[in-house]
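1. with the sequence up front, the predicted model follows.
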Amino acid sequence: MENRPDTLANTPLDELIVCPICDATYRLNRPKNGERAICQRCHHVLIAPRRKAGLQIIAVSTAVVILIIAATVFPFLQISAAGKHNAVSILDAALSFTDGWLIILSLVTAALIIFVPLLRMLLTIYVLVPVVMDRPPARHAMKAFRFSEALRPWSMAEIFALGCAVALVKIADLAQVEFGPAFWMFGVLVVLVVAQDSFMCKWSVWDSLENKKNT
Amino acid sequence: MVGMGLLGKQEKYVTARAAGLVACTRCTKAWPKGTEVCGRCGHTLVSRDKMSLQRVWALWIMGFLCYIPANLYPMLKTRTLFVVEESTIIGGAVELAHHGALGIAAIILFASVVIPLGKFWAIAFLAISVQKQSTVSYHQRLRLYEVVEYIGRWSMIDIFVVAILSSLVQLKALAAINPGPASFFFALSVIFTMLSAQAFDARMIWDIQAKQKEAPDYV
């Protein structure tokens, strides 16, 4: 990346990249796969391409979609104490705020744990499949990817997983807890969600969407 | 790593604003000054968001107002056989500590008291520091901004713990846990502080620094 007033002035806009965190402007210098372009002023990672990242992300996203649906349906945790049992799914847990107007909170938690992560994965698949197959971008692909990026902080599956750990410790001496199949699915899911996030180079996606549209 | 350390001093960086450009914070593309919408991704372009601080403070106040009832009302209602207990966030943690579970009590106090209060302080500090001269370097302030952005979501863990406990512990006559009204306010408080942190335009951290060092004002 070059940031010098004399070279920047004559550079076409397409060959500039601006750090979203600190506004430093650079002349584009595409890193090779495995390399990273980092803003020299604030050390924000600007570009981090990986080989075959698109295919990997599609594979991981598909796995996550299947896991979310399965983990929502199958029993998640089962509790027993003094001969009484209770089994719940993730959807039951999310929808447990039922007292009057607390029901709004049920909708919010269900969205944060299940629907936002699911939607993000579906949007990612929708955007990336044509890119990986060298086809023109899907309709409204830019809008879809922008929406998916805006949803990023609201996808809280991994936080829910840690919440499970805390809840389990809290009731460990009160009752016996058994893990259902959904519990393990959810564990795998969290690892995959984190992996998907780290494979993705946002700049590369924008770049390929734009160039495919033009040609 | 590409491009590290090619050029000298930090204050020499040319910003998009100084170059007569406006940048898209979503997809990093540069456009001529005055462009309103990014031609690549459709994001609204603003060189420096002048309304940013007002939104930050409005959402900050909403978050803080919600945090007060979140601590006054009960978070959990626990019913065991014939006794109904209502515990607030801090009360529940103190009770756990009395029972000897110091570790969990510490986690709960950290996640629902230390982190939220720290977040309120950090956002307020950042918002004030971009308006005044600050002795804290921009690298430290950037680190603070990144920590707030990253850690803000994790306060939601409390709500998820309540959700899991109150769906799982439903053993008819034996024991039952139900959520209290504090959960609603706590969730609102987390959402408002997340929005407040998102409304903050990080590019402002550098502007005062640049003004001090270079003298000319680009506004």
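-> Yes, it's here.

2. break chain A into its domains for me.
-> For chain A, automatic domain parsing gives the domain ranges A:5-47, A:53-214.

3. and those domains, which one's lowest on average pLDDT?
-> For the domains of chain A, the weakest mean pLDDT is recorded on domain A:5-47, namely a mean of 78.

4. is it up against chain B anywhere?
-> Yes - counting by CB under 8 Å from any CB of the partner chain, chain B is contacted by domain A:5-47 at A:5, A:8-9, A:13, A:16-26, A:29, A:31, A:35-38, A:40-42, A:46. Bear in mind the C-beta positions are built from the backbone N, C-alpha and C, glycine included.

5. so the longest helix belonging to chain B, near chain A or not?
-> As assigned by DSSP state H, the longest helix anywhere in chain B is helix B:52-72. No - Helix B:52-72 stays clear of chain A (CB under 8 Å from any CB), getting no nearer than 12.1 Å.

6. give the other helices and strands that that helix contacts.
-> Contacts defined by 3 or more CB pairs under 8 Å, 6 or more residues apart in numbering or on different chains; DSSP states H and E place helix B:52-72 against helix B:89-98, helix B:115-129, helix B:182-199.

7. for the last one, buried residues please.
-> Looking back up the chat, that one is helix B:182-199. For helix B:182-199, the neighbour count (16 or more other CB atoms under 10 Å in any protein chain shown) marks B:182-197, B:199 as buried.

8. and what of stretch A:163-181?
-> Neighbour-count burial for stretch A:163-181 [16+ other CB under 10 Å]: A:163-164, A:166-168, A:170-171, A:174-175, A:177, A:180.

9. contacting residues around it?
-> With contacts defined as CB atoms under 8 Å, 6 or more residues apart in numbering or on different chains, stretch A:163-181 is touched by A:70, A:74-81, A:87, A:89, A:183, A:186, B:96, B:104, B:107-108, B:157-161, B:163-165, B:168-169, B:171, B:175.

10. which of these are buried?
-> Judged by 16+ other CB under 10 Å, buried ones among these: A:74-79, A:81, A:89, A:183, A:186, B:96, B:104, B:107-108, B:157-161, B:163-165, B:168-169, B:171, B:175.

11. so of those residues, which ones are in helices?
-> Using DSSP H, the buried ones among the contacts of stretch A:163-181 in helices are A:183, A:186, B:96, B:104, B:107-108, B:157-161, B:163-165, B:168.

12. and residue B:30, how far from residue A:86?
-> 57 Å (CB to CB, to the nearest Å).

13. how about residue B:169?
-> 7 Å.

14. for these two, list the residues in contact with both.
-> residue A:79.

15. out of the helices and strands packed on helix B:52-72, nearest to chain A?
-> Closest approach to chain A among the helices and strands packed on helix B:52-72 (CB to the nearest CB): helix B:182-199, 5.3 Å.

16. where in chain B is pLDDT low?
-> Chain B contains residues with pLDDT under 70 at B:1-12, B:133-135, B:208-219.

17. got the domain ranges for it?
-> B:1-47, B:48-214.

18. if you drop the residues flanking it in sequence, what lies closest to residue B:77?
-> Using CB to CB, 6 or more residues apart in numbering or on different chains and skipping residues adjacent in sequence, the residue nearest residue B:77 is residue B:178, 4.6 Å away.

19. and what of residue B:46?
-> residue B:22 (7.3 Å).

20. just give me the neighbour total for residue A:150.
-> Residue A:150 has 13 neighbouring residues, counting by other CB atoms under 10 Å in any protein chain shown.

21. which SSE is it in?
-> Per DSSP states H and E, residue A:150 falls inside helix A:141-151.

22. list the residues that contact the closest residue in space to residue A:15 that isn't next to it in sequence.
-> Distance criterion CB to CB, 6+ apart; nearest residue to residue A:15, sequence neighbours excluded, is residue A:28 at 4.8 Å. Each residue near residue A:28 by CB under 8 Å, 6+ apart is listed here: A:1, A:14-17.

23. for residue A:28, grab phi and psi.
-> Here is the backbone geometry of residue A:28 (degrees, to the nearest 10): phi -60, psi 130.

24. one more: residue B:36?
-> Per degrees, to the nearest 10, the backbone of residue B:36 is at phi -100, psi -30.

25. wait, it touches residue B:45, no?
-> Yes - Residue B:36 sits in contact with residue B:45 when judged by CB atoms under 8 Å, with a separation of 6.0 Å.
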